[in-house]
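A.B. asks: this one's structure only:
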Ligand code: NAD
Ligand code: ZN
């Protein structure tokens, strides 16, 4: 850049005029900044010198984003402006949407909003369902490739099956437990574990019984429907090794029948998991619901237990669940990977 040539870094406007943020480098390579305000009424220009880029951008804070439409954003400052934008609570305002598109052209705006919500929130709980695990090749229940197309849940995932149809019950769950041995968490599970470590999220509440959040390293996990790998006695509740169940051995304490520690239809949810999830969701200022049809009671009540914002991520549905603040259509792993990229680019951690 030639000396004393002012380069425009950003321009934005309203009905009354435009503002240009400009930079100039002198011989020693030192930057100067100024704001050039052009008043529409009489084309009068006012120039305000500023010592730093921070200072010159300070007019774009809080609600002021919504007063101006962006006209131009230089690639050099997209990251700075984008980071500031992500700190704002997301709003459904045309100007805000336009700013998002200017700062994050290559990203989908919903992904950016999700990233912004995570970055701005001080307590986030993620609630997951079977759709979180389909990309680890575990079928969900209700979609076309799901389990319940092959078997009637009311005949097998019920306490009566332990009592009256044990052989079929034990074979069905035995098969699911064995399938888990060759199943690994996907990148999305690892991203959630990483976010917990970096305090970007607080905890995960899950309806999944596959233990994949735990396997990926998440620590604050509420397994609302229990876990396949926690085998116990159906009669006395004593916990035991998985192998004893796979070999259809009786309980060592009471000779009762062994079963996986999952919640069967008609049973109560584990109290600790439920109370923990509920308390944290009540306290949360952001709840992100990923990969669940929200058909199963009482977990489907949890998203409305928060006063915070709510986001629904699902591969299939877009328009249902209108009570959510934001609907993001996409696969769990893909969405989380994209959000991760935005957060990393914005240096949030
Ligand atoms: P569900 O089968 O009712 O719904 C799954 C939802 O996930 C659907 O809305 C579907 O559109 C969506 N989905 C599928 N693949 C997705 C993906 N890759 N990314 C994002 N969304 C995706 O499951 P649910 O709501 O969790 O309720 C079912 C019950 O089934 C729960 O009680 C749970 O215990 C049990 N279940 C658990 C597992 C598991 O542990 N992996 C698997 C099947 C079922
Ligand atoms: Zn027992």
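C.D. replies: Alright, I've got the coordinates. The structure displayed is predicted, hence computed values, not measured ones. Numbering: from 1, shown residues only. Ligands and ions are numbered 1, 2, ... in the order given.
A.B. asks: so which bits of the longest helix belonging to the chain are buried?
C.D. replies: The single longest helix within the chain, with elements called by DSSP state H, is helix 166-181. For helix 166-181, the neighbour count (16 or more other C-beta atoms under 10 Å) marks 169, 170, 172, 173, 174, 176, 177, 180 as buried. Every residue, glycine included, has its C-beta placed from N, CA and C.
A.B. asks: what's the average pLDDT for stretch 161-168?
C.D. replies: For stretch 161-168, the mean per-residue pLDDT is 95.
A.B. asks: and that stretch, how far out from the chain middle?
C.D. replies: Chain-centre distance of stretch 161-168: 38 Å, with C-alpha atoms, centre = their mean, to the nearest Å.
A.B. asks: endpoint to endpoint, it covers what distance?
C.D. replies: 8 Å (C-alpha to C-alpha, to the nearest Å).
A.B. asks: just stretch 314-325 next, same as before
C.D. replies: End-to-end distance of stretch 314-325 (C-alpha to C-alpha): 14 Å.
A.B. asks: returning to that earlier point: list the buried residues in whichever helix or strand comes after the longest helix of the chain.
C.D. replies: Next helix or strand after helix 166-181 toward the C-terminus (DSSP states H and E): helix 187-197. By neighbour count on 16+ other C-beta under 10 Å, the buried set for helix 187-197 is 187, 188, 189, 190, 191, 192, 193, 194, 195, 196.
A.B. asks: how about the contacts made by residue 107?
C.D. replies: Residues counted as contacts of residue 107 (C-beta atoms under 8 Å, 6 or more residues apart in numbering) are 338, 341, 342.
A.B. asks: before we move on, the earlier item: between the buried residues of helix 166-181, which is nearest ligand 2?
C.D. replies: Distance to ligand 2 across these (C-beta to the ion) is lowest for residue 170, with 15.2 Å.
A.B. asks: ok, the closest residue to that closest one other than its chain neighbours - how many residues close by?
C.D. replies: Once flanking residues are discounted, residue 170 sits nearest to residue 248: 5.4 Å by C-beta to C-beta, 6 or more residues apart in numbering. Around residue 248 there are 13 other residues, counting by other C-beta atoms under 10 Å.
A.B. asks: surely residue 248 is in contact with residue 169?
C.D. replies: No. Residue 248 lies out of contact with residue 169 (C-beta atoms under 8 Å); the separation is 10.2 Å.
A.B. asks: and the closest residue to residue 166 other than its chain neighbours, what's its pLDDT?
C.D. replies: Nearest residue to residue 166, sequence neighbours excluded (C-beta to C-beta, 6+ apart): residue 257, at 5.8 Å. With respect to pLDDT, residue 257 scores 98.
A.B. asks: what about residue 171, distance to ligand 2?
C.D. replies: Using C-beta to the ion, to the nearest Å, residue 171 is found at 21 Å from ligand 2.
A.B. asks: ok, now residue 335?
C.D. replies: Going from residue 335 to ligand 2 by C-beta to the ion gives 43 Å.
A.B. asks: and that residue, which helix or strand is it part of?
C.D. replies: Here residue 335 is assigned to helix 332-345, by DSSP H and E.
A.B. asks: quick one: low-confidence ranges for this structure?
C.D. replies: By pLDDT under 70, the weakly predicted segments of the chain are 1-3, 59, 61-63, 89-92, 142-150, 318-321, 347-349.
A.B. asks: from residue 11, how far out is the residue of it positioned farthest from its centre?
C.D. replies: In the chain, residue 42 marks the outermost C-alpha relative to the chain mean, sitting 48.9 Å out by C-alpha atoms, centre = their mean. According to C-beta to C-beta, to the nearest Å, residue 42 and residue 11 sit 19 Å apart.
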